[in-house]
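Colleague: No letters, just coordinates:
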Ligand SMILES: Cc1cc2nc3c(=O)[nH]c(=O)nc-3n(C[C@H](O)[C@H](O)[C@H](O)COP(=O)(O)O)c2cc1C
C-alpha cells in the first residue's frame, strides 16, 4: 500500500510508529515504516545516544522525534518552571494522600538509586527543553518533528524548516487542526478518543474526515485504535494518507514496556482503559488499575494540573514499578501505563517488523476484497 506520503517521507508503507523505545523506532524504520521517538521525557544526552543508535541501525532510512510542548501548563507563561519552583505548587494534602496510598498497598520506599531522574520530573515539557532536544535531533538525519498537546512553537517550526525537516502535530478537534494549519505545520495527525495517551473526546471515525476536509491539501494521518490492516484500510477510506500508531508497539519484542504492564496489556480487553487525569494532569487514555481507581474516586484529592501531577507521582511511580518487578502484590495492582482501546487486540508479543508487515498485508488484502466485491 503506497500513498503520496511514502515519497515525501521516504518510506515503503504509510505507517508511522510512535514509541518511547529507540529499538522499536529503529526496527520500524528499518522495515519500511516511519519510526518516531518519544523524546520529551529524555535528557539531552539520552536522546543523543538513542539517535546515534537509531541512525546506525537504520542507515539511509528516515525517522522522527516527538515532543510535548503544551499550549497550557503550570509555568507555561514563564516558559516552564524549574523543579524547585514547581514543587512549591504541590499541596501537602496531595503528598499525604499519595504516601497513604502507597502504604495501603505496601509499596516500600526505594533505597539508594534513582533520585537524579526524579529531580527532573515535570520539567521536560518546556520550550527551553524542547529546543534543546530539537537542536540535538537536527544533527541527525531526522525527517520529522512532531509536537503533542499544542501548536509547535514558531521558533521550532522555523528551525526545522530551515533544515528542510517537516513538522507535524497531533489534534483532537477541527479547531485545533486549523490552528496548526495556520502555524505552518506540514503534517496533521488526527487523534481520536480511542487512542492511548492524551486524547480528545471525538472518535477517529468522526474526527478524521472532518480534519482531512478542514486542512486540505495538508496531509493527515489517522491515529487512534489502529491495530490491524482492516483498520488501516478504514483510515484510507476516511481520507487519511496514512496511519499514526502507538499502542500496538507496546507489546512488541523490542518495546521497553514494564514486564508486568506488558502482561496486563496481553490480558486486557478494550473495556479496560479509561481517559483519566491520574497520570499527567491532562486527560490521557491508560490502563485502568488501582492507581486510576484511587485518583478517580471523588472522595480523594483531584489530580493536579500538568506538570504537577507528573512531578508529584514520579517517585511513587518508580516505587510502584520496582515493587511490581519484584513480585509485590501492591505494585502489581497499582501499575499501569498509557494505552488505547486497541489493547483488546494485543494478544501476543511479536517483533515490531512482523507487526508492521502484518498491518500492511492485511490492509492490501482488505482493499482488494472491498474492490472485488
Ligand atoms: C505510551 C503512549 C504515550 C503517549 N503519550 C502521548 C502524549 O504524551 N501526548 C499525546 O498527545 N499523545 C500521546 N500518545 C498518543 C500517540 O502519539 C498516538 O497518537 C496514539 O498512540 C495513537 O493511538 P493508538 O494508541 O490507538 O495507536 C501516547 C500514546 C502511547 C501509546
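Modeller: Arrived safely. If you're wondering where the values come from, they're calculated on a predicted model, not measured in any experiment.
Colleague: Every contact and neighbour count from this point should use C-alpha atoms.
Modeller: Will do.
Colleague: Please name the bridge partners of the residue of the stretch 1-150 of the chain found nearest the ligand.
Modeller: Closest residue of the stretch 1-150 of the chain to the ligand, Cα to the nearest ligand atom: residue 148 (4.3 Å). Counting by DSSP bridges, residue 148 forms beta bridges with residue 68.
Colleague: Could you double-check that it sits in contact with residue 70?
Modeller: Yes - counting by Cα atoms under 8 Å, residue 70 is a contact partner of residue 148 at 6.7 Å.
Colleague: how close does the residue of the stretch 1-150 of the chain closest to the ligand sit to residue 56?
Modeller: Counting by Cα to Cα, to the nearest Å, the separation of residue 148 from residue 56 is 27 Å.
Colleague: Name the residues of the helix ranked longest in the chain that are buried.
Modeller: The longest helix of the chain (DSSP state H) is helix 352-372. Buried residues in helix 352-372, counted by 16 or more other Cα atoms under 10 Å: 352-353, 355-357, 359-360, 362-364, 366-367.
Colleague: tell me which parts of this protein are close to the ligand?
Modeller: Within reach of the ligand by Cα under 6 Å from any ligand atom, the chain has these residues: 18, 148-149, 191, 194-198, 223-226, 244-247, 338-340, 342.
Colleague: Need the distance between the two termini of stretch 6-20.
Modeller: In stretch 6-20, first residue to last residue: 23 Å (Cα to Cα).
Colleague: continuing past the helix or strand hosting residue 144, what's the next helix or strand?
Modeller: Residue 144 is located in strand 142-148, with elements delineated by DSSP states H and E. Sequence-wise, the next helix or strand downstream of strand 142-148 (DSSP H and E) is helix 154-162.
Colleague: So between residue 148 and residue 56, which is more surrounded?
Modeller: Using other Cα atoms under 10 Å, the more surrounded residue of residue 148 and residue 56 is residue 148, with 20 against 12.
Colleague: what ranges of the protein fall below the confidence cut-off?
Modeller: 113-123, 373 (pLDDT under 70).
Colleague: rerun at 50
Modeller: The chain contains residues with pLDDT under 50 at 116.
Colleague: all strands of it, in order?
Modeller: According to DSSP state E, the chain carries its strands in the segments 15-19, 34-38, 63-68, 142-148, 166-171, 187-191, 197-198, 220-223, 242-245, 273-276, 284-287.
Colleague: For the strand holding residue 144, which outside residues touch it?
Modeller: For strand 142-148, contacts defined as Cα atoms under 8 Å, 6 or more residues apart in numbering pick out 9, 62-70, 134, 152, 160, 165-171.
Colleague: Quick one: end-to-end length of stretch 230-247, please.
Modeller: Distance across stretch 230-247, first residue to last, is 16 Å (Cα to Cα).
Colleague: For it, could you pull out the residues that count as buried?
Modeller: Across stretch 230-247, burial judged by 16+ other Cα under 10 Å covers 230-236, 238-247.
Colleague: which residues of the stretch 51-200 of the chain fall in helices?
Modeller: Counting by DSSP state H, counting those that start in this stretch, the stretch 51-200 of the chain has helices at residues 83-87, 92-104, 115-120, 127-137, 154-162, 174-183.
Colleague: Now mean neighbour count too, for these, in CSV please.
Modeller: Converted to CSV, the helices of the stretch 51-200 of the chain look like this (neighbours: other Cα atoms under 10 Å):
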stretch, mean neighbour count
helix 83-87, 14
helix 92-104, 14
helix 115-120, 14
helix 127-137, 19
helix 154-162, 15
helix 174-183, 17
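Colleague: Show me the one of these that comes nearest residue 4.
Modeller: Closest of the helices of the stretch 51-200 of the chain to residue 4 is helix 174-183, at 18.9 Å (criterion: Cα to Cα).
Colleague: Residue 191: what's it in contact with?
Modeller: Residue 191 neighbours (Cα under 8 Å, 6+ apart): 170-172, 199-200, 204, 207-208, 222-224.
Colleague: What residues are bridge-paired with it?
Modeller: The partner residues for residue 191, given DSSP bridges, come to residue 223.
Colleague: just checking, residue 124 touches residue 42?
Modeller: Yes - Residue 124 is within contact range of residue 42, at 7.4 Å (criterion: Cα under 8 Å).
Colleague: who has more neighbours, the two?
Modeller: With neighbours defined as other Cα under 10 Å, residue 124 and residue 42 compare such that residue 124 has more, 22 against 18.
Colleague: can you pull the contacts of the more buried one?
Modeller: Contacts of residue 124 by Cα under 8 Å, 6+ apart are 40-42, 68, 130.
Colleague: Those into CSV, with extra columns for distance to residue 294?
Modeller: Formatted as CSV, the contacts of residue 124 follow (distance: Cα to Cα, whole Å):
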residue, distance to residue 294
40, 27
41, 25
42, 28
68, 26
130, 32
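Colleague: from these, which is closest to residue 96?
Modeller: residue 41 (25.7 Å).
Colleague: separation between the closest one and residue 356?
Modeller: Counting by Cα to Cα, the separation of residue 41 from residue 356 is 25 Å.
Colleague: How about residue 156?
Modeller: For residue 156 relative to residue 356 (Cα to Cα), the value is 30 Å.
Colleague: ditto for residue 109
Modeller: Look at residue 109 and residue 356: by Cα to Cα, they are 40 Å apart.
Colleague: try residue 325
Modeller: For residue 325, the distance to residue 356 equals 29 Å [Cα to Cα].
Colleague: go on, residue 161?
Modeller: Counting by Cα to Cα, the gap from residue 161 to residue 356 is 29 Å.
Colleague: again, but for residue 235
Modeller: Using Cα to Cα, residue 235 is found at 16 Å from residue 356.
Colleague: Quick check: nearest residue in space to residue 267, chain neighbours excluded?
Modeller: Spatial nearest neighbour of residue 267, excluding adjacent residues (Cα to Cα, 6 or more residues apart in numbering): residue 347 at 7.0 Å.
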